[in-house]
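Chemist: Model the following, please.
(chains A, B, C and D)
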There are 2 protein chains.
Amino acid sequence: MSFTATEENYIKTIYQLQAYDKMVNTNSVAVTLNTSAASVTDMLKKLKLKKLLVYEKYKGFKLNQEGKKTALSIIRKHRLWETFLVNILQFKWDEVHEVAEQLEHIQSNQLINHLDDFLGNPKFDPHGDPIPDTNGKMPVQEQINLTKFPIHTLGEISAVGSQSADMLALLRHKNIELGSSILVEQIFPFDDSIEVKINNKILVNISAKLAQHLFVKQTNYESKQC
Amino acid sequence: MSFTATEENYIKTIYQLQAYDKMVNTNSVAVTLNTSAASVTDMLKKLKLKKLLVYEKYKGFKLNQEGKKTALSIIRKHRLWETFLVNILQFKWDEVHEVAEQLEHIQSNQLINHLDDFLGNPKFDPHGDPIPDTNGKMPVQEQINLTKFPIHTLGEISAVGSQSADMLALLRHKNIELGSSILVEQIFPFDDSIEVKINNKILVNISAKLAQHLFVKQTNYESKQC
DNA sequence: CTTATTTTTTAGATTTGTCTAAAATTTATT
DNA sequence: AATAAATTTTAGACAAATCTAAAAAATAAG
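Modeler: Now for the predicted structure:
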């Protein structure tokens, strides 16, 4: 079965909103896709007819097994294209989203599987997000973007998403390096900046932009066998 | 200015039909795009409004300067993507057309220019067709149609004038591909078929219709300095 | 040079995805 | 529990791209 680009955008959005099978409401989809609630309702009827979601009017909705499978194949395409754009075509990792939004709708299994092979079957995209395989299976993420890292949880810096001299200078100034321990103390919604404790000593404020470039691995006490 | 995928398909088709500024008629576009004459008329009004073509009703039409520029940018994208699919992703050259038809509509100058650089700014695509540059300039081809190629003269296949799957399947069956050496042995006036020797080994009979779609470059002895 | 044929255009409908405004339903608040 | 507020759905309309059938114009044939 194949879908229009518009249908695919709805499917992907609903998938992201329903994380762990929560019910999704009309308005949140409308806001995310920057459209009207009425349009969302229209599309829900269509997707229900195509047996992609569970939906009763006024009661909310969520993707069924088939819908989730479809969403994962779109996400797979999106993330593989982002990897291609950054790793092969030298895009900066914050320039790729708009183009990947277009490329993800190209229909050809042969294309996406060849692309996957050419890229060396990557497990994570340049943003650190996991890439689903042909069956929709996602690798477990051992690292996560700092913006998504839970508060009051001990982790350590496992990657930086940029090698710009400016950024490395900033990191040095804040005494942050690969392997530094990190603990999120507080999040300021006003500017999305984050206050963290580095190496259990220094309190440092990290801007939203910097946080987007830092990846953290949760410190696993059990596995520390030394 | 940007266009829908449908508009782009019309523009490209008209460009190909008007070769050297001939007037184009409604029906030929309808046949090429496998649609109705009425639909073509509708689109012509739209493209005239967008100032891409010269059109007076019942009198035929052709792209103006702006229209040709647009067509060339679409053709550039198509041929670069075909090159990518064959050279990088290991597609067979008769498998690429359908996918390239989709990829050519992706809108991003950055993408297509980075792709061009990554491919090494190729001048010809895997079918031997010239790739327009950013300004729409095409490299000259010193090739000639097989039907006009002199007898008993060594040449090599430099381009094919169609991307139809049927034709490409036929070529594969006859062991003919881009770069194959070719020598016309005999011409049969009854059906205008041609007997040729491929790669100095196999004798193959080529129908008039197939020959019309094959382009040959004379093998240049002078440059063989080994 | 009329008439017949072909080509092209118009008129009116259909489908997809969208909108606004109004009605229906659910949720929140006295 | 009754009413107010928010959310969701329906109704009706619109633009894009398409169709079929009929009308208009150009071309071909007698």
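
Chemist: what about the helix of greatest length in chain A, average pLDDT?
Modeler: In chain A, with assignment by DSSP state H, the single longest helix is helix A:65-83. Here helix A:65-83 scores 96 as its mean pLDDT.

Chemist: how about the next helix or strand after it, does it get close to chain B?
Modeler: With elements assigned by DSSP states H and E, the helix or strand that comes after helix A:65-83 is helix A:97-103. Yes: counting by Cβ under 8 Å from any Cβ of the partner chain, chain B is contacted by helix A:97-103 at A:98-99, A:102-103. The way it works is simple: take the backbone N, C-alpha and C, and place the C-beta from them, glycine included.

Chemist: got the contact list for the longest helix of chain A?
Modeler: A:3, A:8, A:11-12, A:14-15, A:47, A:51-53, A:63, A:93, A:96-97, A:99-101, A:103-106, A:112, A:115-116, A:119, A:122, A:125-127, A:129-134, A:136, A:138 (Cβ atoms under 8 Å, 6 or more residues apart in numbering or on different chains).

Chemist: what does stretch A:42-51 give?
Modeler: In contact with stretch A:42-51 (Cβ under 8 Å, 6+ apart) are residues A:1, A:3, A:6-7, A:10-11, A:26, A:53, A:55, A:61, A:64, A:66-67.

Chemist: Those residues in helices, which ones?
Modeler: Those of the contacts of stretch A:42-51 mapping onto helices are A:6-7, A:10-11, A:26, A:66-67, per DSSP H.

Chemist: Quickly check those for the two that are furthest apart.
Modeler: A:26 and A:66 (20.9 Å; Cβ to Cβ).

Chemist: residues from chain A in reach of chain B?
Modeler: A:85, A:88-91, A:95, A:98-99, A:102-103, A:106-108, A:110-111, A:114-115, A:118.

Chemist: Quick one: mean pLDDT over the strand or helix carrying residue A:114.
Modeler: Per DSSP H and E, residue A:114 falls inside helix A:109-118. Helix A:109-118 carries an average pLDDT of 97.

Chemist: sorry, back to before: just the buried residues of the contacts of helix A:65-83.
Modeler: The neighbour count (16 or more other Cβ atoms under 10 Å in any protein chain shown) marks A:3, A:8, A:11-12, A:14-15, A:47, A:52-53, A:63, A:93, A:96, A:99-100, A:103-106, A:112, A:115-116, A:119, A:122, A:125-127, A:129-132, A:138 as buried among those.

Chemist: what's near enough to touch the residue nearest in space to the middle of chain A?
Modeler: By Cα atoms, centre = their mean, chain A has its centre lying nearest to residue A:129, at 5.0 Å. Shown in contact with residue A:129 (Cβ under 8 Å, 6+ apart): A:79, A:141.

Chemist: helix, strand or coil for the closest residue to residue A:102 other than its chain neighbours?
Modeler: Nearest residue to residue A:102 in three dimensions, chain neighbours excluded: residue B:106, at 4.9 Å (Cβ to Cβ, 6 or more residues apart in numbering or on different chains). Residue B:106 carries the three-state label coil when classified by DSSP: H, G, I helix; E, B strand; the rest coil.

Chemist: isn't residue B:106 right next to residue A:100, touching?
Modeler: No: look at residue B:106 against residue A:100 with Cβ atoms under 8 Å: they stay out of range, at 10.3 Å.

Chemist: shaky segments in chain A?
Modeler: Scanning chain A with the threshold set as pLDDT under 70 gives A:220-226.

Chemist: All the strands of it, residue numbers only.
Modeler: Assigned by DSSP state E, chain A shows strands spanning A:53-55, A:61-63, A:144-145, A:154-160, A:181-188, A:193-198, A:202-206, A:214-218.

Chemist: In stretch A:38-55, which residues are buried?
Modeler: So for stretch A:38-55, counting by 16+ other Cβ under 10 Å, buried means A:40, A:43-44, A:47-48, A:52-53, A:55.

Chemist: nearest to residue B:149, of those?
Modeler: Using Cβ to Cβ, residue A:52 comes nearest to residue B:149 of those, at 55.8 Å.

Chemist: Now do the closest one against DNA strand D, distance only.
Modeler: Distance, residue A:52 to DNA strand D, using Cβ to the nearest atom of the strand, to the nearest Å: 15 Å.

Chemist: list the contacts for that residue?
Modeler: Going by Cβ under 8 Å, 6+ apart, the list of residues near residue A:52 reads A:11, A:63-64, A:66-67, A:70.

Chemist: how about TSV for those residues, with distance to DNA strand C added?
Modeler: Below are these laid out as TSV (distance: Cβ to the nearest atom of the strand, whole Å):
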residue	distance to DNA strand C
A:11	11
A:63	17
A:64	19
A:66	17
A:67	15
A:70	14
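
Chemist: Could you find which two of the residues you listed are furthest from each other?
Modeler: The most widely separated members of those, counting by Cβ to Cβ, are A:11 and A:64 (11.3 Å).

Chemist: Contact residues of chain A facing DNA strand C?
Modeler: Within chain A, the positions lying close to DNA strand C (Cβ under 7 Å from any atom of the strand) are A:4, A:6-7, A:35-36, A:38-39, A:42-43, A:46, A:58-59.

Chemist: cutoff 6 Å now
Modeler: A:4, A:6-7, A:35-36, A:38-39, A:42-43, A:46, A:58 (Cβ under 6 Å from any atom of the strand).

Chemist: burial count for residue A:69?
Modeler: 14 (other Cβ atoms under 10 Å in any protein chain shown).

Chemist: so how far is chain B from the closest residue to residue A:206 other than its chain neighbours?
Modeler: What sits nearest to residue A:206 in space, not counting adjacent residues and going by Cβ to Cβ, 6+ apart, is residue A:194, at 4.8 Å. Relative to chain B, residue A:194 is positioned 31 Å away (Cβ to the nearest Cβ, to the nearest Å).

Chemist: what's across from residue A:194 in the sheet?
Modeler: Note on residue A:194: beta-bridge partners by DSSP bridges are residue A:187, residue A:206.

Chemist: Could you check how many residues crowd around it?
Modeler: So residue A:194, with other Cβ under 10 Å, has 23 neighbours.

Chemist: I'm done for today, thanks for sticking with me.
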